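Q: what would the 3D arrangement of this be:
(chains A and B)
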There are 2 protein chains.
Amino acid sequence: MSQIQLSSMASVIASIEPIDPRHTAEARLRLDSLTKPIGSLGQLEDIATQMFSIFSGSVPFPLRRAVYVFAADHGVTAEGVSAYPREVTAQMVHNFVAGGAAINVLARLHDAQLTVVDVGVDAEFDPAPGLCLMKVRRGSGNMLREPAMTQEDLAAAIETGIRLAQSAKQQGQTLVAVGEMGIGNTTSASAIAAVLTKQPIGEVTGRGTGLDPAGRDRKLNILRESLERHFGDSTGTLEPLEILRCVGGLEIAAMTGFILCAAANRMAVICDGFISTAAAAIAHGLAPEVSGYLFAGHCSEEPGHRHLLRYIGLTPILQLGMRLGEGTGAVLAMPVIESSVRLFTEMATFSSARVSTANE
Amino acid sequence: MSQIQLSSMASVIASIEPIDPRHTAEARLRLDSLTKPIGSLGQLEDIATQMFSIFSGSVPFPLRRAVYVFAADHGVTAEGVSAYPREVTAQMVHNFVAGGAAINVLARLHDAQLTVVDVGVDAEFDPAPGLCLMKVRRGSGNMLREPAMTQEDLAAAIETGIRLAQSAKQQGQTLVAVGEMGIGNTTSASAIAAVLTKQPIGEVTGRGTGLDPAGRDRKLNILRESLERHFGDSTGTLEPLEILRCVGGLEIAAMTGFILCAAANRMAVICDGFISTAAAAIAHGLAPEVSGYLFAGHCSEEPGHRHLLRYIGLTPILQLGMRLGEGTGAVLAMPVIESSVRLFTEMATFSSARVSTANE
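A: Residues are numbered from 1 along each chain as shown, chains lettered A, B, ... in the order given. Here you go, the predicted model:
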């Protein structure tokens, strides 16, 4: 099974086309003709340029917005790495289904279709609208004792993400956000960040949902031991998939598959905080051209996030000190992205509006 | 006339009520009961708290959004302080009326009612929907040679802003942005920022709409001479109104009146970039409690902006490297403000959603 499924990922990766620099140049020319001082829309101009390039010169209106929240549990929670008990993952899935979580509020307000994906929660759910039951297994392995996933689980989780991105494409979605829910998953993201960006683990490990200093020290020790166990003997650069398998998680693997397949289908993809960006970083490690399709919704308070953003080469859109996950920072960036594209499309030019250009 | 009108401003100032700290405390309690780690919504929590306090514990839904763009010309443009010719102010007013400017696009997308106010443009306009013809005079005086405004002009411009805020209140607007258009007005804003924040003029003077280094040096020299002419003999702290009169502008005075009166009427006011924040800083100098009603939509690329924000005590919502004015950064922050209030109002609590709270 894993062979077949990883070949599906390989064909997805092979079909990702790099952004065409001619579209980028064309977009810059148009931006400079609009009735505003050159460059005065700042980062909005970069966003508009990227959107123009992703959609090969013709951004489809209206943008169809969606957010996918991947949920899974983590074996490493047995080591006491989170301020919240493991049961909260399942409880929050119920909260998503009931419409009471932060991402529900933001998805409603900003008109993003919300899909919650159980890719590995340690609980069973009844079918519900907007909930995809695609569990690979009830939680990943404890990275301190064993790899988080087997080869088969890894392939199945990636495949889950690929199938959801294919479904997004079929539904005509063009601006998709990825978010997650999983108690313990900042521990996985820190491990991934440390190995990928070659930062000391202390640089990329934060307080997660709210550990006290002693709790963070414990988390740091677990991380040090886990990294030693899995990668202590290795020299040189590790394979992204092997990092993901050993210290990642089912939701992170699913997001990796989703991001790769969304890029292959020329969708604009917004990653959210530390954990979804860890998935994006793995995807970027597997296929560097994926970054042309990626936006960073915001910069999280988790200290490892900015290292991952730098690794991929992304500039965050918002910087609001958020650290919630669920896709909240990604959905909050949607109005900014939409604004940039509308400005690009709808503003008058200096000549059409008969406005004088700068002196000299 | 000026006496009567400044007495109108004095009564507006007298009616500004400080934000009630009991509402602030109540909002914090509620935020900590919502299904998210404590503090994990970052600055959104501060915004929600401030909105809850502005509206005395009951934010009206839907928020009625509006943006007021005050336009005027500046006598100091005779000294060559801008990259664009003076005529662009009037040309851009025509562009606003035709719907082709950046603020038109953003106001449409984010559902903000746009009002353009001619408070001092050096051109005559035909009546048009959304254009308020309230010209005080055709451009301010050249600050290098004379005060920008007489006492009478200053009072009339402030009164213009007061009347528009009263009209906003009558229309039921609750979330109002202030923006501006006026070739040469970063020169006024730099002069105001230098005197109010006691920074060296070089610290608060930028390239405006796009001066080259030689142009910026010329602007800096004009500013140094102007500040010496008006305030060279003074010792100690200057009166905000006198700063505004000597080196401000008609649109800046109108925004000052607007902000004061909007605060007196308990509206949430979003300032935009460097120039509207200069008006907010004057308003804050006249009535410190106005800051409770103020949001900073974004942080502009103009170097003086952050000094003014610090002077008032505001944290910008967006940081996108914009420097366009027109209210664009303020309107772009509206979805973030609305998001914060919706999260506050609509999220489930830990007890209502039966989600476990943090360990310990």
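Q: is it true that residue A:180 lies in a strand?
A: Yes: using DSSP: H, G, I helix; E, B strand; the rest coil, the assignment for residue A:180 is a strand.
Q: got the confidence number for it?
A: You'll see residue A:180 listed with a pLDDT of 98.
Q: need the contact list for it.
A: Contacts for residue A:180 (Cβ atoms under 8 Å, 6 or more residues apart in numbering or on different chains) come out as A:69-72, A:251-252, A:255, A:272, A:275-276, A:325-327. The C-beta positions use only the backbone N, C-alpha and C, and glycine is treated the same way.
Q: next one: the spatially closest residue to residue A:80 that is not a sequence neighbour from chain B, what distance?
A: What sits nearest to residue A:80 in space, not counting adjacent residues and going by Cβ to Cβ, 6 or more residues apart in numbering or on different chains, is residue A:218, at 6.1 Å. From residue A:218 over to chain B the distance is 12 Å, taken as Cβ to the nearest Cβ, to the nearest Å.
Q: list the buried residues for the helix or strand containing residue A:218?
A: Assigned by DSSP states H and E, residue A:218 belongs to helix A:213-231. Neighbour counts over helix A:213-231 (16 or more other Cβ atoms under 10 Å in any protein chain shown) mark A:215-216, A:219-220, A:222-224, A:226-227, A:229-231 as buried.
Q: what is the most widely separated pair among the residues you listed?
A: A:215 and A:231 (24.1 Å; Cβ to Cβ).
Q: re the thing from before, now the helix holding residue A:218: mean pLDDT?
A: Rounded mean pLDDT across helix A:213-231 is 97.
Q: helix or strand right after that helix?
A: Heading C-terminal from helix A:213-231 (DSSP H and E), you reach helix A:240-247.
Q: ok and that next one relative to helix A:213-231, angle-wise?
A: 130 degrees (axes from the mean of the first three to the mean of the last three Cα atoms, to 10 degrees).
Q: now what about helix A:240-247, what contacts it?
A: With Cβ under 8 Å, 6+ apart as the test, helix A:240-247 has contacts from A:143, A:147-151, A:154, A:188, A:191-192, A:195-196, A:226-227, A:230-231, A:252-253, A:256, A:282, A:285-286.
Q: quick revisit: which of the contacts of residue A:180 fall in strands?
A: Among those, DSSP state E puts A:69-72 in strands.
Q: quick one: average pLDDT of stretch A:32-50?
A: 97.
Q: distance between the ends of it?
A: For stretch A:32-50, the separation between the terminal residues is 15 Å (Cα to Cα, to the nearest Å).
Q: just stretch A:283-298 next, same as before
A: Using Cα to Cα, first and last residues of stretch A:283-298 are 19 Å apart.
Q: most surrounded residue in the ones in strands among the contacts of residue A:180?
A: residue A:70 (35 neighbours; other Cβ atoms under 10 Å in any protein chain shown).
Q: tell me the contacts of the nearest residue to it once chain neighbours are set aside?
A: Distances taken as Cβ to Cβ, 6+ apart place residue A:251 nearest to residue A:70, at 3.9 Å, with adjacent residues excluded. By Cβ under 8 Å, 6+ apart, the contact set of residue A:251 is A:70-72, A:117, A:119-120, A:157, A:180-182, A:185, A:275.
Q: any residues of the stretch 151-300 of chain A in contact with chain B? List them.
A: A:209-210, A:212 (Cβ under 8 Å from any Cβ of the partner chain).
Q: any idea which of those residues is closest to residue A:31?
A: Nearest to residue A:31 among these is residue A:209, at 40.6 Å by Cβ to Cβ.
Q: am I right that the closest one is in contact with residue B:358?
A: Yes: using Cβ atoms under 8 Å, residue A:209 is in contact with residue B:358, at 7.1 Å.
Q: what do these two both touch?
A: With Cβ under 8 Å, 6+ apart, residue A:209 and residue B:358 have common neighbours A:83-84, B:37.
Q: got the residues you listed as JSON lines, with secondary structure columns?
A: Listed next are these as JSON lines, based on three-state DSSP:
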{"residue": "A:83", "secondary structure": "coil"}
{"residue": "A:84", "secondary structure": "coil"}
{"residue": "B:37", "secondary structure": "coil"}
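Q: follow-up on the earlier one: which one of the buried residues of helix A:213-231 is nearest residue B:135?
A: Closest to residue B:135 out of the buried residues of helix A:213-231 is residue A:216 (61.3 Å), distances taken as Cβ to Cβ.
Q: quick check: the closest one vs residue B:214, distance?
A: Plainly put, residue A:216 is 53 Å away from residue B:214 if you go by Cβ to Cβ, to the nearest Å.
Q: tell me where the stretch 1-150 of chain A has strands.
A: Under the criterion DSSP state E, counting those that start in this stretch, the stretch 1-150 of chain A contains strands at A:65-72, A:113-120, A:131-133.
Q: please save the CA atoms from the helix or strand just after the last one in PDB.
A: Elements were assigned by DSSP H and E; along the chain past strand A:131-133, the next helix or strand is helix A:151-170. Only the C-alpha atoms of helix A:151-170 are listed here, as PDB (Å, rounded to 0.1, in the frame of the first residue of the first chain):
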ATOM      1  CA  GLN A 151       5.800   3.900   6.500                       C
ATOM      2  CA  GLU A 152       2.200   2.800   5.900                       C
ATOM      3  CA  ASP A 153       0.600   5.300   8.200                       C
ATOM      4  CA  LEU A 154       2.700   8.100   6.800                       C
ATOM      5  CA  ALA A 155       1.700   7.300   3.200                       C
ATOM      6  CA  ALA A 156      -2.000   7.000   4.200                       C
ATOM      7  CA  ALA A 157      -2.000  10.300   6.000                       C
ATOM      8  CA  ILE A 158      -0.300  12.100   3.000                       C
ATOM      9  CA  GLU A 159      -2.800  10.500   0.700                       C
ATOM     10  CA  THR A 160      -5.600  11.800   2.800                       C
ATOM     11  CA  GLY A 161      -4.400  15.400   2.200                       C
ATOM     12  CA  ILE A 162      -3.900  14.700  -1.500                       C
ATOM     13  CA  ARG A 163      -7.500  13.500  -1.800                       C
ATOM     14  CA  LEU A 164      -8.900  16.500   0.000                       C
ATOM     15  CA  ALA A 165      -6.900  18.900  -2.200                       C
ATOM     16  CA  GLN A 166      -8.300  17.100  -5.200                       C
ATOM     17  CA  SER A 167     -11.800  17.500  -3.800                       C
ATOM     18  CA  ALA A 168     -11.100  21.200  -3.200                       C
ATOM     19  CA  LYS A 169     -10.100  21.600  -6.800                       C
ATOM     20  CA  GLN A 170     -13.300  19.800  -8.000                       C
END
